[in-house]
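In: can't give you the sequence, but here's the structure:
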Ligand SMILES: [Zn+2]
């Protein structure tokens with residue numbers, strides 16, 4: 001994805017993994033061979049490995065440079081994390097940090113780190129390992145998290161601790177969330193009070209529950225154009241023409257489908273740029289309707 005200009009706002013993709021491959025059935029348990037076969041008409045090998053029934057995702061942040069704020073949306077898996085439940089995110093050692101520096105932004109330039117939801121592939125680079133200690137990667141940033149999301153994760157972690165259980169979520173809480181609470185950099189917003197929260201002029205957070213209870217998407221308006229950063233309200237473009245395809249991790253699959261349907265239908269024929277948090281490159285697209293299905297226009301420049 002090339003840097004995207006919406007008036008005086010620029011959005012860059014900062015890549016952690018440009019190919020994150022899952023068996024289609026593992027990502028979407030109710031996917032059918034018909035759905036997979038049908039998508040050959042509009043999706044190519046950048047998104048689907050048809051021979052092996054695998055779907056290709058990406059993992060990246062979106063960096064929003066607005067006139068008065070620099071905002072990083074989601075911080076991927078992070079390096080050196082103990083995440084044994086999914087092998088492809090366990091003990092990663094990627095170029096993400098260098099890729100961020102390559103945009104010309106330094107960690108101390110980030111004003112806001114916005115987490116769409118508290119899953120391990122969305123908040124890892126909140127921190128980095130310095131002298132065997134997890135410290136905030138972005139020393140001057142406020143880390144914004146939905147209070148709904150934090151409360152749910154904290155009650156999950158407390159329950160697991162009582163049982164003496166350790167898993168990817170408890171590890172994530174310890175290495176990627178607790179350090180930003182300790183440093184005083186956490187700032188909560190609450191979508192139960194306001195379903196839309198303003199980050200700065202023309203950049204808003206919007207409640208999009210279903211994948212998780214406190215999940216949010218981000219709306220950016222500028223220069224007469226609109227964009228939406230999806231978070232995990234949608235995982236893969238195959239869902240555009242199969243909106244009821246639930247992800248295995250959706251905490252409320254019916255609500256997730258309702259949210260995804262609303263989000264995507266609002267984008268049809270409106271020239272809204274969809275920035276898929278897990279879409280492999282080119283990642284950004286608009287969608288328009290034809291008589292039988294949706295048509296994708298991938299933004300290649
Ligand atoms: Zn995710």
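Out: All right, it came through fine. Every value quoted in this text rests on a predicted model; they were computed, and no experiment measured them.

In: how about stretch 212-229, does it reach the ion?
Out: No: under the criterion of C-beta under 5 Å from the ion, the ion is not reached by stretch 212-229; the shortest gap measures 9.9 Å. For the C-beta atoms, the positions are set from N, CA and C on the backbone; glycine is no exception.

In: roughly how far is that stretch from the heart of the chain?
Out: Chain-centre distance of stretch 212-229: 12 Å, with C-alpha atoms, centre = their mean, to the nearest Å.

In: How about stretch 119-136?
Out: 17 Å.

In: and that stretch, average pLDDT?
Out: Taken as a whole, stretch 119-136 has an average pLDDT of 96.

In: Determine the set of other helices and strands touching the helix ranked longest in the chain.
Out: The longest helix of the chain (DSSP state H) is helix 147-163. With contacts taken as 3 or more C-beta pairs under 8 Å, 6 or more residues apart in numbering; DSSP states H and E, helix 147-163 sits against helix 168-172, strand 186-189.

In: Return the most buried member of those.
Out: Highest mean neighbour count of the helices and strands packed on helix 147-163: helix 168-172, a mean of 19 (counted as mean count of other C-beta atoms under 10 Å).

In: Present the helices and strands packed on helix 147-163 as TSV; the columns should include distance to residue 273.
Out: Formatted as TSV, the helices and strands packed on helix 147-163 follow (distance: least, C-beta to C-beta, whole Å):
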stretch	distance to residue 273
helix 168-172	30
strand 186-189	24
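
In: Would you mind saying which of the ones you listed lies nearest the ion?
Out: In terms of C-beta to the ion, the element of the helices and strands packed on helix 147-163 nearest to the ion is helix 168-172, at 12.0 Å.

In: contacts for the helix or strand just after that closest one?
Out: Once the chain leaves helix 168-172, the next helix or strand it forms, by DSSP states H and E, is helix 178-182. Helix 178-182 is touched from outside by 126-127, 134-136, 143, 186, with contacts defined as C-beta atoms under 8 Å, 6 or more residues apart in numbering.

In: How about helix 178-182, which residues are buried there?
Out: Buried residues in helix 178-182, counted by 16 or more other C-beta atoms under 10 Å: 179-180.

In: Ok, stretch 262-276 next?
Out: Quick answer for stretch 262-276 (16+ other C-beta under 10 Å): 263-264, 267, 272-276.

In: what is the mean pLDDT for it?
Out: Across stretch 262-276, pLDDT averages out at 96.

In: Check the offset of that stretch from the chain's centre.
Out: Using C-alpha atoms, centre = their mean, the offset of stretch 262-276 from its chain centre is 16 Å.

In: Check stretch 108-123 too.
Out: Centre to centre, stretch against its chain (C-alpha atoms, centre = their mean), the figure for stretch 108-123 is 9 Å.

In: Quick one: end-to-end distance for that stretch.
Out: 17 Å (C-alpha to C-alpha, to the nearest Å).

In: does any part of that stretch sit near the ion?
Out: Yes: applying C-beta under 5 Å from the ion, one finds stretch 108-123 in contact with the ion at residue 121.

In: what secondary structure does residue 269 sit in?
Out: Of the three states, residue 269 takes coil under DSSP: H, G, I helix; E, B strand; the rest coil.

In: which residues touch it?
Out: By C-beta under 8 Å, 6+ apart, the contact list for residue 269 reads 287-289.

In: tell me which of those residues is nearest to residue 15?
Out: Relative to residue 15, the closest of the contacts of residue 269 is residue 287; by C-beta to C-beta it sits at 23.0 Å.

In: Let me know the pLDDT of that closest one.
Out: The model reports residue 287 with a pLDDT of 94.

In: Checking it next. Helix, strand or coil?
Out: Reduced to three states with three-state DSSP, the structure at residue 287 is strand.

In: What score does the one residue in the stretch 151-300 of the chain that gets nearest to the ion have for pLDDT?
Out: Across the stretch 151-300 of the chain, no residue is closer to the ion than residue 232, which sits at 4.4 Å (C-beta to the ion). As summarised for this prediction, residue 232 has a pLDDT of 98.

In: Contact partners for it?
Out: Taking C-beta under 8 Å, 6+ apart, one finds 116-117, 119, 122, 211-212, 215, 247, 249, 277-278 in contact with residue 232.

In: Now the buried members of these.
Out: Those of those that meet the buried threshold are 116-117, 119, 122, 211-212, 215, 247, 277-278, by 16+ other C-beta under 10 Å.
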